[in-house]
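1. Quick one, fold the following:
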Amino acid sequence: MFFNRKTFPTLTILLGIFILFYSFSLHAAEKKTFKPFVLAKIEAGMPMGKVKKKVKKQITESPFTLVAGYSPYDGAYIFIITSDELKSLAAEAEYGGFAAPQRISLTQVGKQIQIAYTNPVFMQYAYRMKDVDLQPILDQMTQAFGFEQFFGGEGLTARKLKRYKYSFGLEDFDSFYELPEYNNHVEAITALIKGFRDKSNGISRVYQIKIPGKEQVVFGISMNANDANDEELNVRKTMDIIDYLPLKRTAYLPYEIMVDGDKILAMHARFRIAVYFNDLKMFGKHGFGKLLSTPSAYEKAFLAVSGAKQIEEEDSDTADGFIN
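-> Numbering: from 1, shown residues only. Alright, predicted model coming up:
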C-alpha cells in the first residue's frame, strides 16, 4: 500500500488544504477586474513637443512598431503601435484585428501632460478573443512606457467584459453596424479607401494594419474633429462630454473600421463608447443622454465611407441614441 492508517489523516488534511487553496485561487481569478487604460506617467513642465520625442524614442527602443501618429484636437496627440507578435495573436481570434493597434495618448491638462495607453488585456476580453492571452503584450508595454495605475471607469471581470452591454437590449461587441458586403476582399478595401478620399464623408484614414494569414485589415479613422457644424462627428465635442474626469481617456481614439473578408465592420457606438466609459450615467451634464444622435450619425457616416447609398431616415438607426 502507498500509505497506512497513520498517514491517512495527514494526507486527508493536506488534500483539504490543497482543495481550499485551489478554490480560493479560482474565486480570486474570477473576481479580478480590468480597466481599459494605463497611466504611464504625468510629465510636469515639459512641452508637448519634447514629450512626443521622448515617447517616440521609447517606441523605437521597444518591441513595437510605430504605425501612425495624429492629433485629434488641440492639446492631444496619439501614437498607434503594433508588433508582429501582437498581430499574430490578433489573427487567432475571429475579430482580433480590432486589438492589433494599441494606442498611446499624450494629453495636456493644465501645465501637465498625461501619458497613457490602452490595456490589451481589457481588449482581449471585451473583444472576445477566446484562448488568446495578451498579458505578455501588456507586460512589454509597461516595461517600455512605464506604469503608475490602471484607470477608466468601473473595473469589470473577464466574465462581464465578454458579455458587456451598457444596458439590457443594447448592442454588444459583435452587434456591428450593418455595412455593405462586396464580391471579394480586394473590392471591399478598394471601396473603403475610395470613401476615405471623399472629404464630404467627414471621415479620414489615420492608419491601416494588415492581419497576417487572413483577409482582415483594420483602419483607424478620424472623424471631423474640427468641424463645428457637424457635432455628432466632432470628437472634440464628444470627448468634452464623456472624458471629463481628471485622468484623460484620450487613447479611446481613434475609432476603427475593419474589412473582414468581403465585409466591412464597425463596432456599434452604443458598445464601443460605453465599454471604454462604462462608469458614465445615462443622464446629466456628462451622461450618454447628451449623445442621443451619435449612434445614428456614426451609422450614416460609416455607410457613406464604405460605399453604401444614403439610407432613408426611417431606415437608419433609432434616433433614441443610447436609450433604445
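
2. Setting the sequence-adjacent residues aside, check what's closest to residue 88.
-> Spatial nearest neighbour of residue 88, chain neighbours left out: residue 212 (6.2 Å); criterion: C-beta to C-beta, 6 or more residues apart in numbering. Yep, even glycine has a C-beta here, placed from its N, CA and C like the rest.

3. Can you give me every residue that contacts that neighbour?
-> 84, 87-88, 91 (C-beta atoms under 8 Å, 6 or more residues apart in numbering).

4. Check the residues you listed for burial and list the buried ones.
-> 87, 91 (16 or more other C-beta atoms under 10 Å).

5. Next, work out how far apart residue 184 and residue 39 are.
-> Plainly put, residue 184 is 43 Å away from residue 39 if you go by C-beta to C-beta, to the nearest Å.

6. where's stretch 274-284 relative to the chain centroid, distance-wise?
-> 15 Å (C-alpha atoms, centre = their mean, to the nearest Å).

7. and the residue nearest to residue 61 when sequence neighbours are not counted, what pLDDT?
-> Spatial nearest neighbour of residue 61, excluding adjacent residues (C-beta to C-beta, 6+ apart): residue 144 at 7.3 Å. Note for residue 144: predicted pLDDT of 98.

8. So residue 144: helix, strand or coil?
-> helix (DSSP: H, G, I helix; E, B strand; the rest coil).

9. Residue 258 too?
-> Quick answer, by three-state DSSP: residue 258 is strand.

10. That one contacts residue 265, correct?
-> Yes - counting by C-beta atoms under 8 Å, residue 265 is a contact partner of residue 258 at 4.8 Å.

11. shared neighbours of these two, which are they?
-> Residues touching both residue 258 and residue 265 (C-beta under 8 Å, 6+ apart) are residue 95.

12. The strand or helix carrying residue 190: which residues count as buried?
-> In this structure, residue 190 is located in helix 185-197 according to DSSP states H and E. Applying a neighbour-count criterion of 16+ other C-beta under 10 Å, one finds 185, 188-189, 191-192, 195-196 buried in helix 185-197.

13. how about the residues you listed in TSV, adding distance to residue 46 and pLDDT?
-> Listed next are the buried residues of helix 185-197 as TSV, based on distance: C-beta to C-beta, whole Å; pLDDT from 0 to 100:
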residue	distance to residue 46	pLDDT
185	44	98
188	43	97
189	40	97
191	43	97
192	38	97
195	39	96
196	34	95
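
14. Give me the more crowded residue out of residue 184 and residue 39.
-> residue 39 (18 against 11; other C-beta atoms under 10 Å).

15. helix or strand for that one, which one?
-> Per DSSP H and E: strand 37-44 holds residue 39.

16. Which other helices and strands does that strand contact?
-> Identification of packing neighbours for strand 37-44 by 3 or more C-beta pairs under 8 Å, 6 or more residues apart in numbering; DSSP states H and E yields strand 112-118, helix 135-145, strand 149-151.

17. could I get the ones you listed as TSV with mean neighbour count?
-> Below are those laid out as TSV (neighbours: other C-beta atoms under 10 Å):
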stretch	mean neighbour count
strand 112-118	23
helix 135-145	18
strand 149-151	15
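
18. In a markdown table: the ones you listed, plus distance to residue 176.
-> Compiled in a markdown table, the helices and strands packed on strand 37-44 are given as follows (distance: least, C-beta to C-beta, whole Å):
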| stretch | distance to residue 176 |
| --- | --- |
| strand 112-118 | 20 |
| helix 135-145 | 24 |
| strand 149-151 | 28 |
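
19. wait, which of these is closest to residue 221?
-> Closest approach to residue 221 among the helices and strands packed on strand 37-44 is made by strand 112-118 (16.3 Å; C-beta to C-beta).

20. can you pull the alpha-carbon coordinates of the following helix or strand past the closest one into CSV?
-> As assigned by DSSP H and E, the chain's next helix or strand after strand 112-118 is helix 120-126. Below are the C-alpha coordinates for helix 120-126, written out as CSV (Å, rounded to 0.1, in the frame of the first residue of the first chain):
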residue,chain,number,x,y,z
PRO,A,120,-4.6,45.0,-24.3
VAL,A,121,-5.9,42.5,-21.7
PHE,A,122,-9.1,44.6,-21.4
MET,A,123,-9.5,44.3,-25.2
GLN,A,124,-8.8,40.6,-25.0
TYR,A,125,-11.9,40.1,-23.0
ALA,A,126,-14.1,42.9,-24.4
